[in-house]
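Enquirer: Coordinates only, no sequence provided:
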Ligand SMILES: [Zn+2]
């Protein structure tokens, strides 16, 4: 299953762009540019179901626990989000119920179906990151994030590092310690499902050709990884 928490930069009309100019909403502050395109290609190539919420992380971050302070940010990469500063409990619950809950419920429903039919399942989350963050240049074209379960991550890292042109971040540019692993922890850990998060630097997936290149590269690695990871289950 492919998950893409930060797929969308859509802000429902009633929120009046949260005060941001259209140009700002095209950047990483609102979403992970390029991630959905890669996730869609990957989903098609692997015949894997894809889940993503159609709302910007500025409205609510589906990759955060409902009680996390960063669930609804009051600033994103140093840019204040004044419209989020004073939120009523009602407004908070409304965003949770309209966006966060349906996204996670849909993943749960799909997982339940797959588990009951005994289908081997792994979870992959696709994200993208900025080449420069608070003035620091990030050297990795892609990063693989993982927690204690390294089954998929090790195979992904090995697969990517086979290309000498790639510098692969290992739990970089973020790691679960940064609180960015919520979706995978929530859905993969209870069932012990193999999982990994793939972060691609967004200048690597800025157009269709490069998105396809990354999706196909990842599909090949994931197919090879799946046979390794599921070997014992499929017997
Ligand atoms: Zn993301």
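Expert: Here it is on my side, so go on. What you see is a predicted model, and the numbers here were worked out from it, not measured in a lab.
Enquirer: C-alpha only now, for contacts and for neighbours.
Expert: Noted.
Enquirer: quick one: the closest residue to residue 132 other than its chain neighbours and residue 171, what's the gap?
Expert: Closest residue to residue 132 apart from its sequence neighbours, by Cα to Cα, 6 or more residues apart in numbering: residue 138 at 5.8 Å. According to Cα to Cα, to the nearest Å, residue 138 stands 13 Å off from residue 171.
Enquirer: Give the residues shared as contacts by the two.
Expert: Common neighbours of residue 138 and residue 171 are not found (criterion: Cα atoms under 8 Å, 6 or more residues apart in numbering).
Enquirer: where along this structure do the helices fall?
Expert: 22-25, 35-46, 89-95, 101-116, 151-161, 182-188, 208-234 (DSSP state H).
Enquirer: Bridged to the nearest residue to residue 173 once chain neighbours are set aside, which residues?
Expert: Distances taken as Cα to Cα, 6+ apart put residue 143 closest to residue 173, at 6.5 Å, once the chain neighbours are dropped. Beta-bridge partners recorded for residue 143 (DSSP bridges): residue 169, residue 199.
Enquirer: Could you pull up the residues touching residue 143?
Expert: So residue 143 contacts 168-173, 198-200 (Cα under 8 Å, 6+ apart).
Enquirer: hang on, the earlier thing: from memory the residue nearest to residue 132 sits against residue 173, does it?
Expert: Yes: if you go by Cα atoms under 8 Å, residue 138 and residue 173 touch, sitting 7.5 Å apart.
Enquirer: Comparing these two, which residue is more hemmed in?
Expert: Using other Cα atoms under 10 Å, the more surrounded residue of residue 138 and residue 173 is residue 173, with 21 against 16.
Enquirer: What pLDDT does the model give the more buried one?
Expert: What the model reports as pLDDT for residue 173 is 95.
Enquirer: pretty sure it contacts residue 139?
Expert: No: under the criterion of Cα under 8 Å, residue 173 makes no contact with residue 139, lying 9.3 Å away.
Enquirer: hang on, the earlier thing: who wins for proximity to residue 125 among the helices of the chain?
Expert: Closest approach to residue 125 among the helices of the chain is made by helix 182-188 (7.4 Å; Cα to Cα).
Enquirer: What parts of this protein come near the ion?
Expert: Counting by Cα under 5 Å from the ion, the chain comes close to the ion at 6, 127.
Enquirer: Can you find the residue of the chain that comes nearest to the ion?
Expert: Closest to the ion within the chain is residue 127: 4.3 Å, counting by Cα to the ion.
Enquirer: Report the spatially nearest residue to that residue, omitting neighbours in sequence.
Expert: Counting by Cα to Cα, 6+ apart, the residue nearest residue 127 is residue 199, at 4.6 Å.
Enquirer: How many residues are close by that neighbour?
Expert: 26.
Enquirer: thought it was touching residue 146?
Expert: No: counting by Cα under 8 Å, residue 146 is not a contact partner of residue 199; they are 11.1 Å apart.
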